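In: sequence? don't have it. structure:
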């Protein structure tokens, strides 16, 4: 019987001929913790009697959720992480290096066929590299750091066949918001999403990361894609070793196969307070916007910054609106400077902040006030997500966020393309 | 194991940001402190309404969103006896078992706010003492029963040093 991508990866890593529904204990290739979850993992590691990390080159901590530290409580937790690094010699990214889900792919340690666990729900992002990557809690993370293994229930898969070409001014973010609106926030719970078709092949790696990143917003355990020339080029560019791509068998068994034609798709937004509460941008155009955010593990990559800069170049943001820009990593920040994108943002009136997660998770760097509307390129718009439960968050593409920052209200970006 | 308590009812898609907001969880590992803010964005006074042993009862997809293990821990340290829902998001479900918070899947339409419940985990039955109705519980996967019986994943590792299924 044929296998899905995730059945193949879990079979290879567990040494068991595994199919959906089975429980396996599998070897992990890379284990990631960030500053919201690693401190608790260190606590669990100690309580479990952990003395040694299974392989220091396969464990990484990233300080990105509150970077630099906004208060002394966070500083103590950061110190705990740095002490763990000093003791065990693990990979480490300190403040300013960027968001874990950009920093890890850039490290070259993850590629086709890898199995990665991260104590962050958006670890599914690396599925764009044909890896099985999934979010876990801190105690599971500690178990993986000690043993190099974790148990998994092999999930069923939903195959998304995405046909056609995206129209001008419509991007990967619009596509994934549309899909989540269609299948709902728990439409893929306990399952893996496999994305395939012309619309995926046409996307850059940056666009594919956006799609894979939001698999968790439909409840999925992973969001996977097959590897192609773009995948191999990305891995090579970042110094990755030779990885073996994993393809689904033609006779693999899926829980569902969903087909979409993307050629009529329009720019989308997710309205407050759930990601599956989606609408066409035209349905909410004119909603006043007080803060706009460009960045995050969903849409803070170079292509995203280029698209926003194309719209913002030579223009000013609306006096009602603040624009916060957080490049996803130090490398992207540098490239954006070299290309003149940062100058465009600053001249347009944006505040450019340290690469990191702050504005998205409500730790610092842009907490909205009561009754304010925010439009953000992030992946979650839950009540209170950005640090104030009396604010309203709309999610959209970098193009829609840039167009809205100029208009001072939600605006359709298509006239700019 | 038999648990008894009063029900606090919530809706569908209760996410981990609602269970414990990011603005608190990034600052401290003191779970007693985090517990005071449990479910705050849905009910600002929730912590003060809890009698030890009470249940959180919800609809589908409880615990969706971020992977923060502080979510089940905040519930546990607020002295909630168990979370009962139609379904759970995957990471929350694992985290709850790993940290020893009982999570129970069943048809929660038969439970109303304020109902007194008796949960018999070994028999797999919830007895609604207010309505007199018995509600069957969906059984846990075997691996999870093993981890729960060991007292959580930390105790499992203390005992075996690695996974032992």
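Out: Sure thing, it's come through. For clarity, every value in this text was computed on a predicted model and none was experimentally measured. Numbering: from 1, shown residues only, chains lettered A, B, ... in the order given.
In: okay, now the closest residue in space to residue B:137 that isn't next to it in sequence: neighbour count?
Out: Spatial nearest neighbour of residue B:137, excluding adjacent residues (Cβ to Cβ, 6 or more residues apart in numbering or on different chains): residue B:124 at 4.5 Å. Glycine gets a C-beta too; all of them are placed from N, C-alpha and C. The number of residues packed around residue B:124, counting by other Cβ atoms under 10 Å in any protein chain shown, is 15.
In: same check on the one 10 residues further on?
Out: For residue B:134, the neighbour count with other Cβ under 10 Å is 13.
In: doesn't it belong to a strand?
Out: Yes. Per DSSP: H, G, I helix; E, B strand; the rest coil, residue B:134 lies within a strand segment.
In: I figured it hits residue B:125, correct?
Out: Yes. At 5.6 Å, residue B:134 and residue B:125 qualify as touching, with contact defined as Cβ atoms under 8 Å.
In: what sits against residue A:171?
Out: Contact partners of residue A:171, counting by Cβ atoms under 8 Å, 6 or more residues apart in numbering or on different chains, are A:207, A:210, A:267, A:307, A:397, A:398, A:399.
In: recalculate using a threshold of 10 Å.
Out: Neighbouring residues of residue A:171 by Cβ atoms under 10 Å, 6 or more residues apart in numbering or on different chains: A:177, A:203, A:206-207, A:210, A:265, A:267-268, A:299, A:303-304, A:307, A:396-400, A:413.
In: what's the first helix or strand after the helix or strand bottoming out on mean pLDDT in chain B?
Out: Least confident helix or strand, chain B: helix B:22-25 with a mean of 85, by mean pLDDT, DSSP states H and E. Once helix B:22-25 ends, the next helix or strand along the chain (criterion: DSSP states H and E) is helix B:31-35.
In: which of the three states applies to residue A:74?
Out: helix.
In: residues contacting it?
Out: Contacts for residue A:74 (Cβ under 10 Å, 6+ apart) come out as A:35-36, A:39, A:63, A:65-68, A:363-364, B:26-28.
In: which of the residues you listed lies closest to residue A:92?
Out: Nearest to residue A:92 among those: residue A:63, at 8.2 Å, using Cβ to Cβ.
In: dihedrals phi and psi, the closest residue to the closest one other than its chain neighbours?
Out: Counting by Cβ to Cβ, 6+ apart, residue A:63 lies nearest to residue A:35, which is 4.7 Å off, once chain neighbours are set aside. Note on residue A:35: backbone dihedrals following degrees, to the nearest 10 are phi -70, psi -10.
In: burial measure for residue A:35, as a count.
Out: Other residues close to residue A:35 by other Cβ under 10 Å number 25.
In: got it, and residue A:328?
Out: 31.
In: next one: residue A:72
Out: 8.
In: wait, it sits on residue A:66?
Out: No. Counting by Cβ atoms under 10 Å, residue A:72 stays clear of residue A:66, with 11.6 Å between them.
In: residues shared between the contacts of these two?
Out: Common neighbours of residue A:72 and residue A:66 (criterion: Cβ under 10 Å, 6+ apart): residue B:27.
In: quick check: phi and psi on the residue nearest to residue B:137?
Out: phi 70, psi 40.
In: roughly how far does it sit from chain A?
Out: Counting by Cβ to the nearest Cβ, to the nearest Å, the gap from residue B:124 to chain A is 20 Å.
In: let me see the contact set for that residue.
Out: Residue B:124 makes contact with B:104, B:106, B:135, B:136, B:137, B:138, B:139, B:140, according to Cβ under 10 Å, 6+ apart.
In: per-residue pLDDT, the fourth one?
Out: Looking back up the chat, that one is residue B:136. Looking at residue B:136, its pLDDT is 96.
In: what's around it, how many residues?
Out: Residue B:136: 11 neighbours (other Cβ under 10 Å).
In: I'd say it and residue B:126 touch.
Out: Yes. Applying Cβ under 10 Å as the test, residue B:136 and residue B:126 come out as touching, 7.9 Å apart.
In: flag the shaky bits of the chain, pLDDT-wise.
Out: Using chain A. For chain A, applying pLDDT under 70 flags no range at all.
In: circling back: just send the contacts of residue A:74 back as TSV, with distance to residue A:93 too.
Out: Listed next are the contacts of residue A:74 as TSV, based on distance: Cβ to Cβ, whole Å:
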residue	distance to residue A:93
A:35	10
A:36	14
A:39	16
A:63	7
A:65	12
A:66	14
A:67	9
A:68	13
A:363	17
A:364	18
B:26	17
B:27	21
B:28	23
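In: wait, which of the residues you listed is closest to residue A:6?
Out: Closest approach to residue A:6 among the contacts of residue A:74 (Cβ to Cβ): residue A:36, at 26.2 Å.
In: contact partners for the closest one?
Out: Counting by Cβ under 10 Å, 6+ apart, residue A:36 touches A:63-66, A:74, A:77, A:119-120, A:138, A:357, A:361, A:363, B:22, B:25-26, B:66-70.
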